[in-house]
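Participant: I'd like to go over a predicted model; first the sequence, then the structure.
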Amino acid sequence: MIKWHRLFGLTLKDFFTGTSYSVDLEKDLSFKQQLLDVVIIENGGGERPEELPDGLENLTIHNLLTYKSHQEGLDGWTLNELIGHYVNYRKQISPSTDELLPDTEFQLYAVSARFPQKLDSEYKLIQVKQGVYDILWGDHNVRIIVLSRVSKEARNAIWHLFSADTESVKYGASNYQWRMSDISAIINELFKKYRIEGIAMPYTIDDFKRDYAREYMDKLPLEDRIKGLKEEELIEILKMSISTLPPEKIESILKEIRKKNGIEN
């Protein structure tokens, strides 16, 4: 079964597919397994995304993300863990512990479905824009992205998928443009988990498939559009198409078909 954190990571992996960034999931940072949810790494291949979701505008070379679903709280301990992951990760990828990569090559993010009320009351988050905040934790700035509060813009569709708000999730599913070929398992698992946890989700996998097909159908070759249709369905489509044509055009098409099949008029 796909868990919330892996589902979140897979969706980010989809977003950065074909860009200059690659995404590692559940990065193992120690001999005693401690998993960092997501690492977004600039790899030099492809192009930088034209538009990034709110909060990720400051991506650098190594971007470490911790994620908290609507079931979990983002608190000070979460940020302590994130700093610990950063220290381990920086040591692992540097030439040596005496020659660490520059701190400027790293950015830390805490992504949360819910607003961290307790953290804000104790340390006061600095709002950068709607749903996006900064907090100085030790000597590191951590960017906090609250998925239930970001603006409803197409660029934020990926965030809304994980906001746990029914209308926002529906907006995310309708507006996020998937890049990987086989994503039905991800979106189906997402909706299923929401329903299991008692969150109303009227937007179904069938709704998603229909909207997705409508958006991309005109980009497919004709043979792919009609693939899988039954004979009676093809006949109905033909009838509907012919009914919109003038008689002389219909006659011209019929003549062409007869000629192609060696049928005399």
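Facilitator: Yep, that arrived.
Participant: Tell me where this protein is predicted with low confidence.
Facilitator: 1-2, 27-34, 181-185, 196, 198-229, 234, 264-265 (pLDDT under 70).
Participant: quick check: longest helix of it.
Facilitator: helix 76-93 (DSSP state H).
Participant: Format the CA atom coordinates belonging to the following helix or strand past that one as CSV.
Facilitator: For helix 76-93, the succeeding helix or strand toward the C-terminus, using DSSP states H and E, is strand 106-112. Output of strand 106-112 as CSV, limited to C-alpha atoms (Å, rounded to 0.1, in the frame of the first residue of the first chain):
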residue,chain,number,x,y,z
PHE,A,106,21.1,23.6,0.4
GLN,A,107,17.6,24.7,1.0
LEU,A,108,15.3,23.3,3.7
TYR,A,109,11.5,22.9,3.4
ALA,A,110,8.7,21.8,5.8
VAL,A,111,5.5,21.0,3.9
SER,A,112,2.4,20.6,6.0
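Participant: And strand 106-112, what does it pack against?
Facilitator: strand 62-68, helix 76-93, strand 140-146 (3 or more Cβ pairs under 8 Å, 6 or more residues apart in numbering; DSSP states H and E). (Each C-beta comes from the backbone N, C-alpha and C, glycine too.)
Participant: still on that earlier bit, now the angle between strand 140-146 and the longest helix of the chain, please.
Facilitator: 120 degrees (axes from the mean of the first three to the mean of the last three Cα atoms, to 10 degrees).
Participant: In terms of secondary structure, what does helix 76-93 contact?
Facilitator: Using 3+ Cβ pairs under 8 Å, 6+ apart: helix 76-93 touches strand 35-42, strand 62-68, strand 106-112, helix 117-123, strand 132-137, strand 140-146.
Participant: that older thread, mind putting the helices and strands packed on strand 106-112 into JSON lines with distance to Arg155 and mean neighbour count?
Facilitator: Rendered in JSON lines, the data for the helices and strands packed on strand 106-112 read as follows (distance: least, Cβ to Cβ, whole Å; neighbours: other Cβ atoms under 10 Å):
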{"stretch": "strand 62-68", "distance to Arg155": "17", "mean neighbour count": "22"}
{"stretch": "helix 76-93", "distance to Arg155": "24", "mean neighbour count": "16"}
{"stretch": "strand 140-146", "distance to Arg155": "13", "mean neighbour count": "20"}
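Participant: could these go into a markdown table alongside distance to Ser252?
Facilitator: Putting the helices and strands packed on strand 106-112 into a markdown table (distance: least, Cβ to Cβ, whole Å) gives the following:
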| stretch | distance to Ser252 |
| --- | --- |
| strand 62-68 | 59 |
| helix 76-93 | 67 |
| strand 140-146 | 59 |
